[in-house]
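Peer 1: Return atomic coordinates for the entry below.
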Amino acid sequence: MSEETRIRILCVDDHPLFREAIATVIKYQADMLLVGEAANGTDAIRMFKEHRPDVTLMDLRLPDMSGVYTLIAIRTDVPEARIIMLTTFEGNADAQRALEAGACAYLLKSMPPKDLVAAIRRAHAGQS
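Peer 2: Model prediction:
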């Protein structure tokens, strides 16, 4: 599969170990390519503009601004941006706000890698 046909992914999380885990999962998917990593909302917005990923994996809580505000900033410029929110908090009000702001999905970081991969494929296909 060529680089042009793979699902281009941006990973946004302030924990380096989690970003490395995501990178490892994506590396083993023939139809996916990690195009960038960001540790905060400011870098996420800049990297989104630079790389224009197909799907962005966004931590709900970032050190400089919330993932919800970052999502809103990205979708203000690119309304069709497909963003999956990731969190450790089940039933969080911020997650509900993210969905209302246009997130494709809200997933727990404790999910199995196969579920994350499936969610990326669904988001890329335009599904929630």
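Peer 1: just checking, what packs against the helix or strand bottoming out on mean pLDDT in the chain?
Peer 2: Within the chain, confidence by mean pLDDT, DSSP states H and E is lowest for helix 93-100 among all helices and strands, at a mean of 87. Counting contacts by 3 or more C-beta pairs under 8 Å, 6 or more residues apart in numbering; DSSP states H and E, helix 93-100 is packed against helix 67-77, strand 83-87, strand 105-108. Every C-beta, even on glycine, is put in place using the N, C-alpha and C of the backbone.
Peer 1: closest one to Pro16 among those?
Peer 2: Nearest to Pro16, of all the helices and strands packed on helix 93-100, is strand 83-87, at 14.9 Å by C-beta to C-beta.
Peer 1: pLDDT wise, what is Gly91 at?
Peer 2: For Gly91, the pLDDT comes out at 72.
Peer 1: now Met1
Peer 2: 63.
Peer 1: can you pull out the strands in this protein?
Peer 2: For the chain, the strands defined by DSSP state E cover 7-12, 32-38, 55-59, 83-87, 105-108.
Peer 1: Relative to Gly102, how far out is Ala119?
Peer 2: Ala119 sits 16 Å away from Gly102, going by C-beta to C-beta, to the nearest Å.
Peer 1: right, and Ile7 touches His124 too?
Peer 2: Yes: using C-beta atoms under 8 Å as the test, Ile7 is close enough to His124 to be in contact (4.8 Å).
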